[in-house]
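**Student:** need a 3D model of the following:
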Amino acid sequence: MTLSSLWMLLGASLAAACGQLLLKVGAQGRTHALEFLNTPVAFGLLLYLCGTMLWIYVLSKEKLVVVYAFTALTFVLVYLGAVLTLGESLTLRASGGIALVLAGLYLLAG
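**Tutor:** As a prediction, this is how the structure comes out:
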């Protein structure tokens, strides 16, 4: 994998994770359909779209099995973002899972 592809995948994962966090913020406490039309949801969708476009571009250059593995990085970033920004709890078990995911990504991308 090229260094530029790696950077684009990191950017795509970060954009997708930030998009998910904004979707959560925009959805919290809302119950009616029109309440979901708000700024955090709009920016979350925009970030998610940008990440998807980067993702598709990298797919055109690299092997699917390597690129797809980076979806796991998005899970890690969402988890850490939820802990840091939304006050969700970080458990020892989840920390071990994060370490395993990152180790697997290193092995697949290397």
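
**Student:** now that Ile98 has come up, it's in contact with Tyr79, right?
**Tutor:** Yes: at 6.7 Å, Ile98 and Tyr79 qualify as touching, with contact defined as Cβ atoms under 8 Å. Placement of C-beta: from N, CA and C, glycine included.

**Student:** so which bits of the helix or strand that contains Ala94 are buried?
**Tutor:** Assigned by DSSP states H and E, Ala94 falls within helix 92-109. The neighbour-count check on helix 92-109 (16 or more other Cβ atoms under 10 Å) flags Ile98, Val101, Leu105, Leu108, Ala109 as buried.

**Student:** cool, and stretch 45-56?
**Tutor:** Across stretch 45-56, burial judged by 16+ other Cβ under 10 Å covers Leu47, Tyr48, Cys50, Gly51, Leu54, Trp55.

**Student:** contacts for stretch 70-82 next, please.
**Tutor:** Here stretch 70-82 makes contact (Cβ atoms under 8 Å, 6 or more residues apart in numbering) with 9-10, 12-14, 16-18, 20-21, 24, 88, 90, 94, 98, 101-102, 104-105, 109.

**Student:** which residue packs closest to Leu9, ignoring adjacent ones?
**Tutor:** Of all residues not flanking Leu9 in the chain, Phe70 sits nearest, at 4.6 Å (Cβ to Cβ, 6 or more residues apart in numbering).

**Student:** cool, thanks, signing off.
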